[in-house]
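In: sequence and predicted structure below; questions after.
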Amino acid sequence: MIKELTKRDGSVVAFNAEKLTRWGQWAAVVGADWFAVVGDAYKRCPDKCTTTELQNAMIQSCLDREDTAHLMMAGRLLMGSVYKNAFGGHDNIPTVGEMYKSMVEKGLWEEMDYSDEDLRIAQSFINHERDLHSVHSVVNQITSKYSIKDIEKNIALESPAFVWMRMALGICKAERKDLRMAEVFAYYEDYAQGTINAPTPNINNLGTPKRNYASCCVYKSGDSLGSLAAGDHIANIMTASSAGIGGLIVTRSKGDGVRNNTIKHGGKLPYFNSQGSAINANLQGERGGAETMHIPCLDPEIFTLLRLRHPTTVTAKAERRLDYSFGYHPLLAEKAARNEQWMLVSYKACPELWDALYKFDDSFEEIYEAYAKSSKRKKWVSARELVDEFLRMEEETGRMYEHNIREMNRHTPFKEPIHSSNLCQEIALVTKAYESVTELYEYKETTGEIGLCNLAAIVAGRVTPETYEDVAYRALKMVDTVISIMDYPFPNLKFTAQARRSAGIGITNLAHDMAMKGLRYDSAEGKAYMHRLAEMHSYWLHKASVRLAKERGKCEWFDRTKYADGWLPIDSYCKMVDTITDQPLLCDWEGLRKEIAIYGMRNSVLEAYMPVESSSIAGNTTNSLYAIRQPVVIKKSGTNKNVFLAPDWDELKGSYQFAWDIHHNDMADTYAIFQKFCGQAISADFYRQFKKGEVPRISARELFMQWLYRIERGLKTKYYTNTAAGLEELTTDGADCDGCKL
């Protein structure tokens with residue numbers, strides 16, 4: 001029984017049951033049993049406890065009940081603490097003007113040239129009541145991960161409403177003054193109501209003196225010491241800039257001659273080890289960075305490289321700090337299907353074959369067959385054994401991904417080669433190897449190029465067809481503005497990124513949207529709806545880029561895209577998608593084509609579908625295009641832990657479809673539909689469930705047939721295979737990096 005309470009100021013008072021009752025009644029919402037929560041918290045606490053411990057006991061009691069009403073009650077309890085710590089209580093919330101001036105004086109918000117009248121207008125539409133009607137996971141995620149904090153006191157200095165206001169003020173600071181406050185209002189509503197999902201760097205830094213907005217970084221290292229050193233430098237510095245890294249090292253293989261064949265090359269493992277060290281040298285929040293290294297199917301070291309993360313691999317031959325993605329050409333699938341041999345060739349032996357691997361013409365097959373008939377050095381392996389090994393590593397490690405090199409270079413707006421994806425496999429951008437580190441610090445076009453993509457997502461189910469045009473415009477304009485105002489770690493990256501202006505706008509909350517509409521991932525109606533959504537998303541993003549080209553000018557390297565030649569996604573998509581759904585096109589693509597010919601586009605590429613793991617919690621949405629795995633998931637991000645309940649579960653529990661119940665091919669169909677209208681790629685997750693007590697095993701033949709299905713439907717990439725046995729409580733880690741996953 002509680003007898004004494006220690007307050008936040010250190011004073012000790014006698015426990016007052018009436019105050020606890022009022023506290024519980026204030027926090028309770030419709031449907032929450034405040035009496036039971038208060039009673040439970042009272043029993044959990046010792047005779048002498050702090051007000052914080054008592055509040056945490058009440059919150060935990062709410063979380064244990066795992067329903068919407070009690071999760072909202074927990075959110076109100078947490079908001080009470082946020083208001084108390086940041087402002088001295090709910091009744092002392094400052095105005096926007098007071099908050100702005102206070103935070104600017106402390107150096108925590110930037111001075112943004114807003115007048116007192118502007119701030120009075122902002123005060124008229126800021127809505128603190130929304131914070132008091134948010135579930136606990138939303139409040140906890142925002143105030144622990146996104147709010148500016150006093151690290152010494154470990155308290156948030158911003159409530160969620162002020163986070164969204166800071167972002168809106170920050171993204172609109174350079175808008176025309178006669179239009180600016182209307183734009184601030186629109187962005188504030190987008191952020192606060194969750195129609196636009198912004199990436200973590202934007203939420204953390206917009207409106208602050210920090211200009212660190214990097215999302216995804218993709219780079220290539222070539223076959224020289226200078227180029228390899230540049231790759232290490234990129235990985236190190238971009239990790240410090242909060243970017244997720246996708247890397248490719250194109251260099252000679254183990255045993256190849258070096259320095260006129262006076263030295264034997266040590267292979268790629270030492271360079272992978274160096275990359276593992278580079279990305280862990282700098283922290284992103286509470287942990288090191290993350291990188292996916294891409295491994296081409298031609299590499300003579302391929303069997304060794306595929307096993308680098310496997311738990312049975314000896315330490316001396318392992319590198320477990322990196323993730324890996326197997327890059328293949330469909331020719332390998334043909335050879336494996338016919339049970340033929342596959343040729344492995346080092347980059348030193350035939351650089352032209354390696355270069356042709358990343359072209360979208362037929363040169364790879366021609367050079368491959370010619371080299372195979374020659375007497376030049378090569379290594380033959382069973383194509384089927386190679387594919388079986390790669391697919392087995394996907395299953396057994398969970399950190400081996402895949403990318404279809406041919407499809408990435410075929411169905412794309414870029415004319416120049418795409419060599420790899422990024423950490424989470426949704427990016428497909430042009431990269432070129434640098435000859436030296438010094439080129440990174442030159443503000444001009446050099447031999448190299450880092451692919452940099454800035455991300456955002458539109459929240460399905462919260463945007464109507466009538467409003468999609470405006471929301472898509474603001475989402476793309478946010479990304480385009482960030483490209484202009486961010487600080488770049490390298491002058492050369494600034495030059496190329498602003499010349500390309502590559503965007504990756506995805507969709508999130510699809511599972512919730514489908515449940516609200518009573519649709520299934522594996523039904524004809526569901527697939528037709530997804531086709532309409534994917535088309536609408538891409539079309540309005542293209543219209544937005546044309547509009548931005550009119551307002552701000554087309555991107556400098558527009559002529560390096562197929563858009564300049566009249567290309568649109570509907571021209572090169574995988575035609576097998578037409579066997580998935582007979583949904584016809586609904587948008588005026590030919591009218592759009594004519595507009596692009598006249599005005600150009602502001603951005604080289606527009607779409608990418610990322611995991612949206614962290615910020616989905618802040619928006620109370622299901623993440624990305626994924627179905628839910630179960631109603632309640634414990635989501636972790638660093639040291640933060642959240643109990644996430646599928647949105648509107650109480651009302652929609654009969655409409656949600658679980659990921660485990662969706663066949664692999666239906667999930668592949670989902671991704672193929674969105675890939676049809678996607679200039680980049682998709683963090684495509686798949687799901688496999690085994691019965692409790694069953695040995696988690698799947699035949700090589702089934703894995704092979706599923707892989708062929710993904711190829712036939714035009715998937716560019718594959719990310720995780722999520723496996724469950726018995727489906728007990730699920731715990732999922734948050735973003736591998738703060739930039740890549742929104």
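Out: Good, I have the coordinates.
In: assess the claim that residue 222 and residue 436 are in contact.
Out: No. Using Cβ atoms under 8 Å, residue 222 is not in contact with residue 436; the gap is 10.5 Å. In this view, the C-beta of every residue, glycine as well, is placed from N, C-alpha and C.
In: compare those two (neighbour count), which wins?
Out: Legend: neighbour count by other Cβ atoms under 10 Å for residue 222 and residue 436, higher for residue 222 (21 against 17).
In: show me the contacts for the closest residue in space to that one that isn't next to it in sequence.
Out: The spatial neighbour of residue 222 that comes closest, neighbours along the chain excluded (Cβ to Cβ, 6 or more residues apart in numbering), is residue 433 at 3.3 Å. Neighbour list for residue 433: 220-222, 227, 230-231, 250, 447-448 [criterion: Cβ atoms under 8 Å, 6 or more residues apart in numbering].
In: rerun that using 10 Å as the cut-off
Out: 219-224, 226-228, 230-231, 248-251, 419, 439, 447-449 (Cβ atoms under 10 Å, 6 or more residues apart in numbering).
In: now do the helix or strand residue 505 falls within: distance to the chain's middle.
Out: Per DSSP states H and E: residue 505 is located in strand 503-508. Its chain's C-alpha centre and that of strand 503-508 lie 9 Å apart, by Cα atoms, centre = their mean, to the nearest Å.
In: try stretch 403-421
Out: Centre-to-centre, stretch 403-421 and its host chain are 19 Å apart (Cα atoms, centre = their mean).
In: if we can go back for a sec, show the buried residues in the contacts of residue 433.
Out: The neighbour count (16 or more other Cβ atoms under 10 Å) marks 219-223, 227-228, 230-231, 248-251, 419, 439, 448-449 as buried among the contacts of residue 433.
In: out of those, which sit inside helices?
Out: 227-228, 230-231 (DSSP state H).
In: switch those over to a markdown table; also include distance to residue 310 and pLDDT.
Out: Formatted as a markdown table, these follow (distance: Cβ to Cβ, whole Å; pLDDT from 0 to 100):
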| residue | distance to residue 310 | pLDDT |
| --- | --- | --- |
| 227 | 29 | 96 |
| 228 | 25 | 94 |
| 230 | 30 | 95 |
| 231 | 24 | 94 |
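In: which of these sits closest to residue 48?
Out: Lowest distance from residue 48 to those (Cβ to Cβ) belongs to residue 231, with 57.7 Å.
In: quick one: the closest one from residue 299, how far?
Out: 16 Å (Cβ to Cβ, to the nearest Å).
In: re earlier: just the mean pLDDT for the strand holding residue 505, thanks.
Out: What strand 503-508 shows for mean pLDDT is 97.
In: hey, C-alpha coordinates of that strand in CSV?
Out: Taking C-alpha atoms only, strand 503-508 is exported to CSV below (Å, rounded to 0.1, in the frame of the first residue of the first chain):
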residue,chain,number,x,y,z
ALA,A,503,13.1,11.5,-54.9
GLY,A,504,11.6,8.4,-53.4
ILE,A,505,8.0,8.9,-52.4
GLY,A,506,6.3,5.7,-51.3
ILE,A,507,3.0,4.6,-49.8
THR,A,508,2.4,3.4,-46.2
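In: give me the packing partners of the next helix or strand after it, helices and strands only.
Out: Once the chain leaves strand 503-508, the next helix or strand it forms, by DSSP H and E, is helix 510-516. If you count contacts as 3 or more Cβ pairs under 10 Å, 6 or more residues apart in numbering; DSSP states H and E, helix 510-516 packs onto strand 451-459, helix 524-552, helix 649-652, helix 664-676.
In: one more time with 7 Å, if that's ok
Out: Contacting helix 510-516 under the criterion 3 or more Cβ pairs under 7 Å, 6 or more residues apart in numbering; DSSP states H and E is no other helix or strand.
In: for that helix, the distance to its chain's centre please.
Out: Centroid separation between helix 510-516 and its chain, computed with Cα atoms, centre = their mean, is 19 Å.
In: other residues contacting it?
Out: By Cβ atoms under 7 Å, 6 or more residues apart in numbering, the residues outside helix 510-516 that reach it are 460-461, 521, 526, 621-622, 625-628, 647, 652, 655-656.
In: pull that helix out as PDB, backbone CA atoms only.
Out: In PDB, the C-alpha atoms belonging to helix 510-516 read as follows (Å, rounded to 0.1, in the frame of the first residue of the first chain):
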ATOM      1  CA  LEU A 510      -1.800  -0.100 -47.000                       C
ATOM      2  CA  ALA A 511      -2.900  -2.900 -44.600                       C
ATOM      3  CA  HIS A 512      -5.100  -0.500 -42.700                       C
ATOM      4  CA  ASP A 513      -6.500   1.000 -45.900                       C
ATOM      5  CA  MET A 514      -7.400  -2.400 -47.200                       C
ATOM      6  CA  ALA A 515      -9.000  -3.400 -44.000                       C
ATOM      7  CA  MET A 516     -11.100  -0.200 -43.900                       C
END
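In: list the buried residues of that helix.
Out: Neighbour-count burial for helix 510-516, counted by 16+ other Cβ under 10 Å, picks out 510-516.
In: ok, so of those residues, who is nearest residue 55?
Out: The closest of those to residue 55 turns out to be residue 512 (Cβ to Cβ; 29.9 Å).
In: any idea how far that closest one lies from residue 649?
Out: When distance is defined by Cβ to Cβ, residue 512 is 10 Å away from residue 649.
In: can you give me the strands in the stretch 201-350 of the chain?
Out: 216-221, 244-249, 257-258, 263-264, 283-284, 287-288, 291-296, 323-328, 341-344 (DSSP state E, counting those that start in this stretch).
In: buried stuff in the last one?
Out: This means strand 341-344. In strand 341-344, counting by 16+ other Cβ under 10 Å, buried: 341-344.
In: between the contacts of helix 510-516, which sits nearest residue 315?
Out: Nearest to residue 315 among the contacts of helix 510-516 is residue 626, at 34.3 Å by Cβ to Cβ.
In: before we move on, what SS does that closest one have?
Out: Recorded secondary structure, residue 626: coil (DSSP: H, G, I helix; E, B strand; the rest coil).
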